[in-house]
Structures are given as structure tokens and as C-alpha cells.
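> Here is a sequence together with a model predicted from it:
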Amino acid sequence: MVHHVRGRGLPDEQPVEYWIVDGRVSLEPVDGAETVFSDGWIIPGLVDAHCHLGIGTSGPVGIVEAVGYAETERRAGVLLLRDPGVPIDTRSLDDRDDLPRIIRAGRHLAKSKRYIPGLAIDVDDEAGLPEAVAEQARAGDGWVKLIGDWIDRSVGDLAPLWSDDVLAEAIAAAHTHGARVTAHVFGEDALPGLINAGIDCIEHGTGITDDIIRLMLAHGTALVPTLINIDNFPGIADSAAKYPTYAAHMRALHASSRKRLSAAREAGIPIYAGSDAGGMIAHGRISDEVNALTGIGLSPTEALGSACWDARRWLGAPLLEHGAPADLLCFARDPRTGPEVLGSPDLVMLGGRVY
């Protein structure tokens, strides 16, 4: 069966028309095609750039649960996701043509007792970080994930995990293996060392200051702010009452986050949408993250692009071009009008199959 869709594309709002042959996009008309959508908006499948399929509310999950999360993401229109830290082997999902495409960053890399138990590979001697990074670069799909800062119970506050010299060597090792590097960072102190070492992306970034913005611009560092998870900071602080300095720091980071991240956006830092699904955030909420991004100054079109065409270009994934996989969404209403529209596509097509 050859499918046919027509409507208006984004971001240029011009008429578009696609024929779907053997799971791929054709820009050439095909006789006898069945029109499955003909009036509305057509965009490439959404991207969640920070989505953990292998993590649930209690930590790592089994493959059956991971498949369920992937199906939830597909229903929400996410057809490509970057998993920045996956504690289980999800390679078998690549054999399922009914599930979103996955770009993995291997496992988180952290120091012992400096991250959530069961999620990271512990690197007790930081001299071993470059080799650990190289190993995860070989195991992943072009990304490596570091834990840049976490609570240090000896000081009762957020603190960097790695020295600057080791970071430079580790990130160079990833780049030698053709992988980019991203890092979890909540606070301020870990950011200069990571960015000066050549890191490619920062996750969360609530500690960004004007000096850090200038540094990120100089190095071309991207940002995935995970705004809907930042909203959990007050609750995290409440649960950490025995560490009052840390709790106060988390509340302060939350209070200043929108202003700081708005400044990053205004300065021109490239920003991409990631929900941080898995753990404290339920799967299938990329539309809420897109909506939240408008609260730090992105226009509705820019916010959607950060979870669609711009994110795909950043990750090296195809758009709706001749010969590309037919991964697309159709909407009767403009998907920029709010999360209730964006989160409920009228038609989801993955690999040419209609859902």
C-alpha cells in the first residue's frame, strides 16, 4: 500500500505533499496512492533529546517496561529520542520497526556515591575516566554522558566530580572516537571546567551565569534545559532537609532558573527540548517541555523546532526529504497552539506505518 499525505509544513507554512513508498518519503507522485491525510499540518516526527527509556520511578527497569515507555513516546509523537544514560541494554528495541529510533549515550559515568544508585558506572579513580569515556563512546550511538556535579555529602552541597585536566583528556578521548559528550549539571561550579574542556552539550544548566553564557558561545556548547524536571527542584530540596545548604542551593537554582535560561536563549545558545522522562517525569510529555520553552523566550515556532526540525539537524537525523524514512506527524490544528494539540497528533506515521 502506498500512502499519500498533504497539508502545510513547518516552519515555512508552505503546502507540502508526500507519497510513502516502502516506508520512505517520495516527492514524486505515485499512481494509486491512498490519501490518509489531506487538510492540516505535517511535520517530521518529534524528538525528545533527554529521554531515559531504561529508567522508571524506582530506577532501572526491564526490557518489557522499556518497550511500554517507547510506545508511550510514539503515541505522543516522539519518533526519535536521545537516551543520555541508559542503565540497561535496549539494543533489542532497534529490531522493532514500530518503536521510535534511539540514539544512546551509553551509561552515565560518575564517581562512587555521587549519583543515583544503580544508574551509573562508578569511576572511583578519576584517572580512569578517559578510558571509561572511550568505552562508552564505543558502546553508544555517538554520545557519552558524564555526571558533572551532584551532592557531595562531605560538604553538604553540590560539587563537581572531576578535575579540569581529566575532563579535557576524557572529552578529547570521546571526540577521537567520533562521539559527542554531554553532562548533567545543576550548579555553577562544574560548568567552566566542562565547557573549557570542549564538552558539546549541557543538560539542565540551572547554574548558567553571564560568564558561562559567553563561554558556551565561544565553544559552541548546546543546552538541553529539561524545564519540566527543573520544576521538581523544590521537592528535591524538601526531601534533603538534613543537608540544609544543598536544599537552599536547589531552591535558589529553581528560583533563578527561568531568568538564567532566558538569558542563555537571548544570547543565542542553541537550545533543544528534552523532557528528562524516566524517574520523576512520566514518559510522553515532550509537548509540555515545548510549551515550557516558550516561557524562557522561544517563540512557539522556535520551541517546536527545538523538538523537531532543529533537533533532528543537531542529531544528524533526516527531515522529510526524498528517500528519507517516513517518520511524520499530521495535525488537523496548528501544533504550535499548545501542548494539548502537539501531544495528540491526529496521525502518527513511523517507517511508513500509520498509527
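Perfect, thanks for sending it.
> Report the rounded mean pLDDT for the helix or strand containing residue 194.
Per DSSP states H and E, residue 194 falls inside helix 191-196. Averaged across helix 191-196, pLDDT comes to 98.
> okay, the helix or strand just after it in PDB with CA atoms only?
Later in the chain than helix 191-196, the nearest helix or strand by DSSP H and E is strand 201-204. Provided in PDB are the C-alpha atoms of strand 201-204 (Å, rounded to 0.1, in the frame of the first residue of the first chain):
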ATOM      1  CA  CYS A 201      26.200  19.900  25.500                       C
ATOM      2  CA  ILE A 202      25.000  20.700  29.000                       C
ATOM      3  CA  GLU A 203      21.900  19.100  30.500                       C
ATOM      4  CA  HIS A 204      19.700  21.200  32.800                       C
END
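> that older thread, please point out which parts of the helix holding residue 194 sit buried.
By 16 or more other C-beta atoms under 10 Å, the buried positions in helix 191-196 come out as 191, 193-195. Where you see a C-beta, it was placed from the backbone N, CA and C, and this is true even at glycine.
> Alpha carbons of whichever helix or strand residue 64 is part of, as CSV, please.
Using DSSP H and E, residue 64 sits in helix 63-75. Output of helix 63-75 as CSV, limited to C-alpha atoms (Å, rounded to 0.1, in the frame of the first residue of the first chain):
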residue,chain,number,x,y,z
ILE,A,63,13.0,-4.5,28.7
VAL,A,64,9.2,-5.0,28.8
GLU,A,65,8.8,-1.8,30.7
ALA,A,66,11.2,0.0,28.3
VAL,A,67,9.1,-1.1,25.3
GLY,A,68,6.0,0.3,27.1
TYR,A,69,7.7,3.6,27.6
ALA,A,70,8.7,3.7,23.9
GLU,A,71,5.1,3.0,22.9
THR,A,72,4.0,5.9,25.1
GLU,A,73,6.5,8.2,23.4
ARG,A,74,5.3,7.1,20.0
ARG,A,75,1.7,7.9,20.8
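> Note down every partner strand of the helix or strand following that helix and its orientation.
Tracing the chain C-terminally past helix 63-75 and defining elements by DSSP H and E, one meets strand 78-83 next. Partners of strand 78-83 in the sheet, by DSSP bridges, are strand 46-48 (parallel), strand 101-104 (parallel).
> which residues touch strand 78-83?
Residues from elsewhere that reach strand 78-83 (C-beta atoms under 8 Å, 6 or more residues apart in numbering): 44-54, 73, 90, 100-105, 143, 274, 284, 286, 311-312, 315, 317, 327, 329, 348, 350.
> Contact partners for residue 335?
Going by C-beta under 8 Å, 6+ apart, residue 335 touches 10, 41, 43, 304, 329, 341-342, 345.
> Format those residues as JSON lines; extra columns: neighbour count.
As requested, the contacts of residue 335 are exported to JSON lines (neighbours: other C-beta atoms under 10 Å):
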{"residue": "10", "neighbour count": "21"}
{"residue": "41", "neighbour count": "22"}
{"residue": "43", "neighbour count": "27"}
{"residue": "304", "neighbour count": "27"}
{"residue": "329", "neighbour count": "24"}
{"residue": "341", "neighbour count": "17"}
{"residue": "342", "neighbour count": "28"}
{"residue": "345", "neighbour count": "24"}
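> rewinding a little: so of the contacts of strand 78-83, which ones are in strands?
Within the contacts of strand 78-83, membership in strands is found for 44, 46-48, 101-104, 143, 329, 348, 350, as judged by DSSP state E.
> Name the residues of stretch 62-70 that are buried.
Buried residues in stretch 62-70, defined by neighbour count with 16+ other C-beta under 10 Å: 66-67, 69-70.
> Need the residues that contact it.
Here stretch 62-70 makes contact (C-beta under 8 Å, 6+ apart) with 53-54, 56, 61, 88-90, 92-93, 96, 99-100, 102, 277-278, 283.
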